[in-house]
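Asker: Have a look at this fold, sequence not included:
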């Protein structure tokens, strides 16, 4: 589905069902250098079990037009504008990595628009090393390789993927390369990492959250290890924390069924 958001065409995957804003809406927000496709299993299930689904492509990513936005705050404003464009008053926000910061900031800016908050593979502060920032700016393929090595708990086809013959790390690498090819002039990877690195409102935003919140973490995550989410878990009143075994930062690819079970259970409570 295409929406006009802040004057640009924006693509939202709706899970194989026509979007109905009258249903409870779940918005899925991907991380840096990704697109809506990282949520394929989870979004299709939600869409066929009573929810309206919007899995967004952020500006400059996937099929959405425009340049990538340079700050988490700008992306949160964009997300709220997307809800307006879709005719959605209130939604469950599910964000992965950079997307979790976007969801958190959106909840801070417009708490009345957020029914529940699920932060997947999250951390605050979400600092990025100088070496990785430099690679993302000047040697993008090196950055892609570094992130994929650190984001997966195994290089094997199984048990890192439930689909025989499907190469989880290779699929993630190709997706990141595709995002780069679509917008080579915008340095999408570096823009996203810089936004995560610079975001400074996480503690204030977390303290302001009043809706039910889930932190969903990979036990073997090297990009945002579970201990890096401690500040959020302490600041968000009454939040739930769940860790998934045998799983790195790419939770939705490595343990898709466990992620779906956790998110669907949380949404229905």
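Answerer: Right, received. Where do you want to start? Bear in mind the structure is a predicted one, so any value in this text is a computation, not a measurement.

Asker: which stretches of the stretch 1-150 of the chain form helices?
Answerer: Using DSSP state H, counting those that start in this stretch, the helices of the stretch 1-150 of the chain run over 40-47, 72-86, 98-109, 130-138, 140-151.

Asker: for these, which one sits closest to residue 214?
Answerer: Nearest of the helices of the stretch 1-150 of the chain to residue 214, taken as CB to CB: helix 98-109 at 10.6 Å. The way it works is simple: take the backbone N, C-alpha and C, and place the C-beta from them, glycine included.

Asker: quick one: average pLDDT of that closest one?
Answerer: Averaging pLDDT along helix 98-109 gives 98.

Asker: how far is it from where the chain is centred?
Answerer: 10 Å (CA atoms, centre = their mean, to the nearest Å).

Asker: same check, this time on stretch 219-238
Answerer: Distance, stretch centre to chain centre, for stretch 219-238: 15 Å (CA atoms, centre = their mean).

Asker: quick one: buried residues of it?
Answerer: Applying a neighbour-count criterion of 16 or more other CB atoms under 10 Å, one finds 220-221, 223-226, 228-229, 232-233, 235-236 buried in stretch 219-238.

Asker: next one: stretch 125-132
Answerer: 126, 128, 132.

Asker: Hmm, residue 48 is touching residue 23, no?
Answerer: No. Residue 48 is not in contact with residue 23 according to CB atoms under 8 Å; the separation is 11.6 Å.

Asker: sorry, back to before: buried deepest among the helices of the stretch 1-150 of the chain, which one?
Answerer: Highest mean neighbour count of these: helix 98-109, a mean of 27 (counted as mean count of other CB atoms under 10 Å).

Asker: packing partners for that one?
Answerer: For helix 98-109, the packing partners by 3 or more CB pairs under 8 Å, 6 or more residues apart in numbering; DSSP states H and E come out as strand 25-29, helix 72-86, strand 91-96, strand 114-120, helix 188-198, helix 202-208.

Asker: and that helix with strand 91-96, angle?
Answerer: Helix 98-109 runs at 150 degrees relative to strand 91-96, counting by axes from the mean of the first three to the mean of the last three CA atoms, to 10 degrees.

Asker: Can you pull out the residues in contact with helix 98-109?
Answerer: 27-32, 58, 72-73, 75-77, 79-80, 93-95, 113-114, 117-122, 124, 126, 192, 195-196, 199, 201-202, 204-206, 208-209, 211, 232 (CB atoms under 8 Å, 6 or more residues apart in numbering).

Asker: tally of neighbours for residue 170?
Answerer: 12 (other CB atoms under 10 Å).

Asker: host element of it?
Answerer: Assigned by DSSP states H and E, residue 170 belongs to helix 168-182.

Asker: elements contacting that helix?
Answerer: Right, helix 168-182 is packed against helix 140-151, helix 188-198, helix 251-254 by 3+ CB pairs under 8 Å, 6+ apart.

Asker: In CSV: the helices of the stretch 1-150 of the chain, plus distance to residue 19.
Answerer: As requested, the helices of the stretch 1-150 of the chain are exported to CSV (distance: least, CB to CB, whole Å):
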stretch, distance to residue 19
helix 40-47, 8
helix 72-86, 7
helix 98-109, 19
helix 130-138, 33
helix 140-151, 30
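
Asker: which stretch among those helices comes nearest residue 10?
Answerer: Across these, closest to residue 10 is helix 72-86 (CB to CB), at 6.3 Å.

Asker: if we can go back for a sec, output the helices and strands packed on helix 168-182 as TSV; include the columns distance to residue 16.
Answerer: TSV is the format used below for the helices and strands packed on helix 168-182 (distance: least, CB to CB, whole Å):
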stretch	distance to residue 16
helix 140-151	27
helix 188-198	27
helix 251-254	17
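
Asker: With respect to residue 8, which of the ones you listed lies nearest?
Answerer: helix 188-198 (14.8 Å).

Asker: what angle do that closest one and helix 72-86 make?
Answerer: 110 degrees.

Asker: what residues does helix 188-198 touch?
Answerer: For helix 188-198, contacts defined as CB under 8 Å, 6+ apart pick out 31-33, 60-61, 68-72, 75, 97-98, 101, 126-128, 132-133, 136-137, 140, 143-144, 176, 179-180.
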